[in-house]
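Participant: the following block contains a protein sequence and its predicted model.
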Amino acid sequence: MASWKSIAVDKVEREHLKHDRFAEEVTHSVEYVAGHKKQLGLYAGIAAAVLVVGVGAWFYMGKEAEARQDALKVALQVQDAAIGPGSNPYVKSFPTQAEKDVAAQKAFSDLASRYPGKEVGAIATYYLGILAADSGKYGEAEKHFQVAADSGQAEYAALAKFSLAQMFAKQNKKAESEKLLRALADSPTMFISKEQAQIELAKVIAQSKPDEAKKLLEPLRTSPRSTVSRWAVTAYGDAKLK
């Protein structure tokens, strides 16, 4: 979902505008991956990768945090590594997907255990959930997502809850998914906007509560934010609402 407005404004307005632009960037990243789920796996995880790589500097400041940031970069390089013979010395690669998965699991597990209660620890735990979910290990994924959701790091907790809601929906646990998405819509964050949560909620309840799903999507289909409107129109069509 995706974008980041003016400089000659007071602090409150600047913060509001920064939030809007960043929320737009999040929208674009999720929208892209949603169209490539087979290649990329659980798309909220990929969105998180975009967020971490793109705006990590917002969250890691000061000398003490540099080591954590460097460790996270190393783990993300493993996560983003190519598969196959490495021809570029500047691009990390692994001979097989299995070897890459093992390395990523170890990298994020180390971070989670070394930095509990820190942003890096919450990010790492979240990624462990993504790795487990993409491997079909839903019980393990749920545990990691729940730890990240309870971490106290609001932005990453929201991402974890959103991924958990998606995973529940995929398992046909619609009631659990609906509960999480309603809470996210009521308390949006920089990473998970109200619109994002509402659209996902509409998709989850489209069959059981079509009138409410339609009520959620109707105003979003004409949103001035083009990404939101396109996403809502797509969800409306996919749900076959009338």
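Facilitator: Arrived safely. Numbering: from 1, shown residues only.

Participant: state the distance from A206 to D80.
Facilitator: Counting by C-beta to C-beta, to the nearest Å, the separation of A206 from D80 is 34 Å. In short, each C-beta sits where N, CA and C put it, glycine included.

Participant: and for A103?
Facilitator: From A103 across to D80, the span is 12 Å (C-beta to C-beta).

Participant: before we move on, back to that, between A206 and D80, who's got more neighbours?
Facilitator: A count of neighbours by other C-beta atoms under 10 Å puts A206 above the other of A206 and D80, at 20 against 13.

Participant: give the burial count for the residue lying closest to that one once chain neighbours are set aside, as a bare number.
Facilitator: Ranked by C-beta to C-beta, 6 or more residues apart in numbering and with sequence neighbours excluded, the top spatial neighbour of A206 is A239, at 3.6 Å. Using other C-beta under 10 Å, A239 has 18 neighbouring residues.

Participant: tell me the contacts of A239?
Facilitator: By C-beta atoms under 8 Å, 6 or more residues apart in numbering, A239 lies in contact with A202, K203, A206, Q207, P210, A213, L217.

Participant: farthest pair within those?
Facilitator: Q207 and L217 (14.0 Å; C-beta to C-beta).

Participant: okay, these two: which has more neighbours?
Facilitator: Neighbours per residue, other C-beta under 10 Å: of Q207 and L217, the larger number sits with L217, 24 against 11.

Participant: just the element for the more buried one, please.
Facilitator: Element membership for L217, per DSSP states H and E: helix 210-221.

Participant: now the angle from whichever helix or strand comes after that helix to helix 210-221?
Facilitator: Next along the chain after helix 210-221, taking DSSP H and E as the criterion, comes helix 226-238. Going by axes from the mean of the first three to the mean of the last three C-alpha atoms, to 10 degrees, helix 226-238 is angled at 150 degrees with respect to helix 210-221.

Participant: so how far is helix 226-238 off the chain centroid?
Facilitator: Centroid separation between helix 226-238 and its chain, computed with C-alpha atoms, centre = their mean, to the nearest Å, is 18 Å.

Participant: keeping just the C-alphas, turn it into CSV.
Facilitator: Taking Å, rounded to 0.1, in the frame of the first residue of the first chain, the C-alpha atoms of helix 226-238 are listed here in CSV:
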residue,chain,number,x,y,z
SER,A,226,-6.2,5.4,-6.3
THR,A,227,-4.5,2.4,-4.8
VAL,A,228,-7.2,2.0,-2.1
SER,A,229,-9.9,2.4,-4.7
ARG,A,230,-8.4,-0.2,-7.1
TRP,A,231,-7.8,-2.6,-4.2
ALA,A,232,-11.4,-2.2,-3.0
VAL,A,233,-12.8,-2.6,-6.5
THR,A,234,-10.9,-5.8,-6.9
ALA,A,235,-12.1,-7.2,-3.6
TYR,A,236,-15.6,-6.2,-4.5
GLY,A,237,-15.4,-8.2,-7.7
ASP,A,238,-13.7,-11.2,-6.2
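
Participant: quick one: end-to-end length of stretch 77-89, please.
Facilitator: Chord length of stretch 77-89, first to last residue, is 13 Å (C-alpha to C-alpha, to the nearest Å).

Participant: in that stretch, which residues are buried?
Facilitator: V78, Q79, A81 (16 or more other C-beta atoms under 10 Å).

Participant: checking the nearest residue to H144 once chain neighbours are set aside next. Helix, strand or coil?
Facilitator: Spatial nearest neighbour of H144, excluding adjacent residues (C-beta to C-beta, 6+ apart): G129 at 3.5 Å. Taking DSSP: H, G, I helix; E, B strand; the rest coil as the rule, one finds G129 in the helix state.

Participant: now do the contacts for G129.
Facilitator: By C-beta under 8 Å, 6+ apart, the residues touching G129 are A141, E142, K143, H144, F145, A148, A160, S163, L164.
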